[in-house]
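> Turn this into a model:
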Amino acid sequence: MEDDEIVNIPIDGILDLHAFNPGDVKELVPAYLSECRRRGILDVRIIHGKGKGVLRATVRAMLERLPGILSFQTAGSTGGEWGATEVVLAPAEEDLVGR
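Below is the predicted model of the structure:
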């Protein structure tokens, strides 16, 4: 696969970063979360792996700055524990119209 080839990933609320180059994470995570919000998927799990914690720290630093994040925490025992982060997203603005 070429570096600039577009890869379609399922938007199902689970983003496994193992399949991606770490350099792509800073663009991938915000885009994925934005698309989840657009589709009304508000509970998302980001799987970053346990390792040394570098990718986990990168993901969490992004989540602290991104708009539309209500909360995030380490996943529970059935969700990957400290190898994953569970994120709760705010509904997209268009979903709030009329409420």
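
> surely Glu35 meets Ile11?
Yes - taking CB atoms under 8 Å as the definition, Glu35 is a contact partner of Ile11 at 5.1 Å. Every residue, glycine included, has its C-beta placed from N, CA and C.

> wait, Gly79 sits on Arg45?
Yes - with contact defined as CB under 8 Å, Gly79 reaches Arg45; the gap is 5.7 Å.

> Which neighbours do these two have in common?
Glu86 (CB atoms under 8 Å, 6 or more residues apart in numbering).

> for this protein, what's the longest helix?
helix 25-39 (DSSP state H).

> next helix or strand past it?
strand 43-47 (DSSP states H and E).

> which strands and helices sit next to the very next helix or strand once past that next one?
With elements assigned by DSSP H and E, the helix or strand that comes after strand 43-47 is helix 54-65. Helix 54-65 makes packing contacts with helix 25-39, strand 69-74, strand 84-89 when contacts are defined by 3 or more CB pairs under 8 Å, 6 or more residues apart in numbering; DSSP states H and E.

> got a list of what the residue nearest to Arg60 when sequence neighbours are not counted touches?
Of all residues not flanking Arg60 in the chain, Thr85 sits nearest, at 6.5 Å (CB to CB, 6 or more residues apart in numbering). Applying CB under 8 Å, 6+ apart to Thr85 gives the contacts 45-46, 48, 56, 59-60, 63, 72-75.

> Need those residues in TSV (columns: distance to Val29 and pLDDT).
Compiled in TSV, the contacts of Thr85 are given as follows (distance: CB to CB, whole Å; pLDDT from 0 to 100):
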residue	distance to Val29	pLDDT
Arg45	12	97
Ile46	7	97
His48	9	96
Arg56	12	95
Val59	6	97
Arg60	10	97
Leu63	8	98
Phe72	11	98
Gln73	16	97
Thr74	16	95
Ala75	15	94
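
> Narrow those residues to those that are buried.
45-46, 48, 56, 59-60, 63, 72, 75 (16 or more other CB atoms under 10 Å).

> which one of those is nearest Leu15?
Ile46 (5.0 Å; CB to CB).

> Please point out which parts of the longest helix of the chain sit buried.
25, 28-30, 32-33, 36-37.
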